[in-house]
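1. Here is my input, please return the structure:
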Amino acid sequence: MIPSKVQEKMRDFAPKWRPGRYKATLVALPILAVAIPLLLLSMPYLEWFNDMAVQPKGKAQSMYGLWTGERDIVERPPVEGTMPMEGWPAYRIHDEDPEKAAVRAGEELRNPVERTRAALELGRKRFETFCIVCHGPEAEGNGKVVGKDLFPAPPSLHTDAARGFPDGRIFHVITKGQNKMPSYADVLDPQERWSVVHYVRVLQRAMEDAKKSAEDGR
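-> As a prediction, this is how the structure comes out:
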């Protein structure tokens, strides 16, 4: 038998939570237990005593400045006063006007790498590793990563203007970058860059010879 006092309390008892709220709470608690840690992990700019394990960083060819309104390709210049490591001599042509710097490079720089089969082979390998994706296999600006909704196509290196560029100017563009093209000085040493210039000249001569042969065959 249930004591009368207990029966009275049971009759007067009313749950503080309605069944619907109780069920919703049981469902929401495990969801929040998973969602909140994932949300914190997805926000690298909030550091929670992680000893700098998570830091904001930009990956090559990616964009940065989402929250500041800037949308630029990642390319951070060295800190002012930084000295190059051994084997990577400092580049001495700097100008606020990119066009003036490129012209100056064409006038002052001469290709110190002898045009040998080994140099051309080195230039070909580096071109097909770093340049072909945008410039295309024959440097016509039709690489696989350019096109609609992709990267903008670079100009063809077979135009009259490009064929007339001095070696130093092409070396400068590879070194400092131009427009959307980033600098490749951090992945190609000077000898490799000059070898790429030699290979570009080979592509230009081959294209010119092909055009002449086609015209003669008409």
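2. and residue 169, how many neighbours?
-> Here the number of neighbours of residue 169 (other CB atoms under 10 Å) works out to 21. Glycine gets a C-beta too; all of them are placed from N, C-alpha and C.
3. Please name the nearest non-neighbouring residue to it.
-> Leaving out its chain neighbours, the residue that sits closest to residue 169 by CB to CB, 6 or more residues apart in numbering is residue 106, at 3.6 Å.
4. residues in contact with the one you found?
-> 165-169, 172 (CB atoms under 8 Å, 6 or more residues apart in numbering).
5. Which pLDDT value goes with it?
-> pLDDT recorded at residue 106 is 93.
6. Now name the helix or strand holding it.
-> Using DSSP states H and E, residue 106 maps to helix 98-108.
7. buried set for that helix?
-> 101-106 (16 or more other CB atoms under 10 Å).
8. elements contacting the helix or strand residue 211 falls within?
-> Using DSSP H and E, residue 211 falls within helix 190-216. Helix 190-216 is packed against helix 117-126, helix 160-164, helix 167-176, with contacts defined by 3 or more CB pairs under 8 Å, 6 or more residues apart in numbering; DSSP states H and E.
9. Would you mind finding the most buried of those?
-> helix 167-176 (a mean of 22; mean count of other CB atoms under 10 Å).
10. what's in contact with that one?
-> 91, 93, 98, 101-103, 105-111, 181, 183-185, 188, 193-194, 196-197, 200-201.
11. what's the answer for stretch 190-209, then?
-> With CB under 8 Å, 6+ apart as the test, stretch 190-209 has contacts from 88-89, 111-113, 115, 119-120, 122-124, 126-127, 131, 138-139, 157-158, 162-163, 167, 170-171, 174-175, 184-185, 188.
12. list the buried ones in it?
-> Applying 16+ other CB under 10 Å to stretch 190-209 flags 190, 192-201, 203-204, 207 as buried.
13. and if you look at stretch 148-158?
-> 151, 153-154, 156-158.
14. can you put those residues in CSV and add distance to residue 3, secondary structure and pLDDT?
-> Converted to CSV, the buried residues of stretch 148-158 look like this (distance: CB to CB, whole Å; DSSP: H, G, I helix; E, B strand; the rest coil; pLDDT from 0 to 100):
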residue, distance to residue 3, secondary structure, pLDDT
151, 82, strand, 86
153, 89, coil, 89
154, 91, coil, 90
156, 98, coil, 93
157, 98, coil, 94
158, 102, coil, 93
